[in-house]
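Engineer: The sequence isn't on hand, but the structure is:
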Ligand SMILES: Nc1nc2c(c(=O)[nH]1)N[C@@H](CN(C=O)c1ccc(C(=O)N[C@@H](CCC(=O)O)C(=O)O)cc1)CN2
Ligand SMILES: [Mg+2]
């Protein structure tokens with residue numbers, strides 16, 4: 001029997017801890033405020049933005065929602081970000097991704113002040129992660145580290161294989177595992193013998209973006225499997241990059257989809273907002 005890593009439970013524990021911390025900070029006169037910007041009305045994005053607002057309300061973080069029309073120009077969005085960067089009341093700023101095709105995502109991410117970059121997507125935040133300087137860490141990979149730690153899974157000295165090299169998940173994931181003294185391999189579309197590399201993993205992070213790609217032939221007995229994928233089939237049922245039913249019996253621990261990595265993203269966003277307020281108040 002493998003351990004089913006319960007991201008719902010762990011994220012809810014983290015939110016409880018943050019709620020207590022925010023209550024304490026309020027008593028000391030420190031408030032926490034997150035500005036969430038959505039451009040257009042992509043239905044999935046609207047769900048995520050709504051969940052972020054709900055998490056803020058639960059924890060006691062003020063949220064400011066900016067719901068901008070699809071035809072908003074790059075300049076208009078940059079002007080809003082500039083205004084929020086300069087607003088001392090606002091601790092964290094995020095732009096929900098993806099932005100509409102006519103916008104320049106890179107320029108938008110770079111416009112957010114690194115001090116308020118609670119998504120951890122700014123190049124300065126990414127750079128700080130690799131050099132060990134203080135900075136915000138991308139929420140999904142940070143959440144995965146919490147899932148492992150809070151499940152009593154040690155990373156030190158382990159063979160960690162990350163499949164996927166996106167700026168938001170794969171690359172920061174590799175840096176975080178390295179920071180925890182894992183021996184890290186990053187695989188991608190040009191990797192030769194992907195299966196053999198995955199079979200060596202003590203900890204396999206699947207972020208390839210293909211539904212149920214990883215079956216039991218990719219994992220070694222007793223490995224820990226973290227599934228970052230989220231896919232919806234024709235019947236609206238969710239699945240990950242890992243074929244859970246085929247893999248679960250062979251491994252020591254595995255995250256389900258839904259209810260594994262996904263819920264941690266918002267919990268870690270909330271954590272970064274509190275961290276931003278602490279830093280802005282020199283705590
Ligand atoms: N600015 C950002 N944009 C996007 C991010 C991000 O971190 N910052 N990540 C994703 C969307 N996202 C949060 O924004 C997100 C995705 C999924 C989940 C989640 O809890 N998933 C559930 C399933 C939910 C469902 O039913 O669809 C799970 O896996 O259990 C939370 C947040 C892209 N954009
Ligand atoms: Mg404040």
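Structural biologist: Thanks, I have it. Note that this is a predicted model, so its numbers are computed, not measured. Ligands and ions are numbered 1, 2, ... in the order given.
Engineer: Spit out the contact partners of residue 219.
Structural biologist: Applying CB atoms under 8 Å, 6 or more residues apart in numbering to residue 219 gives the contacts 198-199, 201, 204, 225, 247, 250-251. C-beta coordinates here come from the backbone N, C-alpha and C atoms, glycine included.
Engineer: Dump the residues you listed to TSV, plus distance to residue 187 and neighbour count.
Structural biologist: What follows is these, written out as TSV (distance: CB to CB, whole Å; neighbours: other CB atoms under 10 Å):
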residue	distance to residue 187	neighbour count
198	7	22
199	12	16
201	10	23
204	10	28
225	14	28
247	17	23
250	19	18
251	18	19
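Engineer: Select from these every entry located in helices.
Structural biologist: 198-199, 247 (DSSP state H).
Engineer: mind checking how far the helix or strand that contains residue 124 is from the chain centre?
Structural biologist: Residue 124 is part of helix 123-131 when elements are defined by DSSP states H and E. Distance of helix 123-131 from the chain centroid (CA atoms, centre = their mean, to the nearest Å) equals 15 Å.
Engineer: counting contacts, what elements does that helix pack onto?
Structural biologist: Contact analysis of helix 123-131 by 3 or more CB pairs under 8 Å, 6 or more residues apart in numbering; DSSP states H and E lists helix 170-179 as its packing neighbours.
Engineer: Now for the residue in the chain positioned nearest to ligand 1: which residues touch it?
Structural biologist: Per CB to the nearest ligand atom, residue 262 is where the chain lies closest to ligand 1, at 2.0 Å. Counting by CB under 8 Å, 6+ apart, residue 262 touches 7, 230.
Engineer: Let me know the pLDDT of it.
Structural biologist: With respect to pLDDT, residue 262 scores 98.
Engineer: Would you mind measuring from it to residue 83?
Structural biologist: Going from residue 262 to residue 83 by CB to CB, to the nearest Å gives 31 Å.
Engineer: Quick check: residue 179 touching residue 132?
Structural biologist: Yes: in this structure residue 179 lies within contact range of residue 132 using CB atoms under 8 Å: 7.3 Å.
Engineer: ok, those two, which is more surrounded?
Structural biologist: The neighbour count for residue 179 versus residue 132, taken as other CB atoms under 10 Å, is higher for residue 179 (15 against 9).
Engineer: need the contact list for that one.
Structural biologist: 129, 132.
Engineer: repeat that for 10 Å
Structural biologist: 129-130, 132, 137, 145, 155 (CB atoms under 10 Å, 6 or more residues apart in numbering).
Engineer: for residue 145, same thing?
Structural biologist: 137, 155, 173, 176-177, 179-180, 264, 268.
Engineer: now those residues: which count as buried?
Structural biologist: 137, 155, 173, 176-177, 180, 264, 268 (16 or more other CB atoms under 10 Å).
Engineer: follow-up on the earlier one: save the ones in helices among the contacts of residue 219 as TSV, and put in distance to residue 215 too.
Structural biologist: As requested, these are exported to TSV (distance: CB to CB, whole Å):
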residue	distance to residue 215
198	11
199	12
247	7
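Engineer: near ligand 1 too, which of those?
Structural biologist: When contact is defined as CB under 6 Å from any ligand atom, the ones in helices among the contacts of residue 219 do not meet ligand 1 at all.
Engineer: and the residues you listed as a markdown table, adding distance to residue 21 and pLDDT?
Structural biologist: Below are these laid out as a markdown table (distance: CB to CB, whole Å; pLDDT from 0 to 100):
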| residue | distance to residue 21 | pLDDT |
| --- | --- | --- |
| 198 | 38 | 98 |
| 199 | 42 | 98 |
| 247 | 36 | 98 |
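Engineer: burial of residue 66, as a residue count?
Structural biologist: Residues near residue 66, counting by other CB under 10 Å: 18.
Engineer: In its sheet, which strands sit next to the helix or strand where it lies, and in what direction?
Structural biologist: According to DSSP H and E, residue 66 maps onto strand 62-68. Its sheet considered, strand 62-68 pairs with strand 33-39 (parallel) by DSSP bridges.
Engineer: now the angle from the helix holding residue 124 to helix 170-179?
Structural biologist: With axes from the mean of the first three to the mean of the last three CA atoms, to 10 degrees as the basis, helix 123-131 and helix 170-179 are set at 30 degrees to each other.
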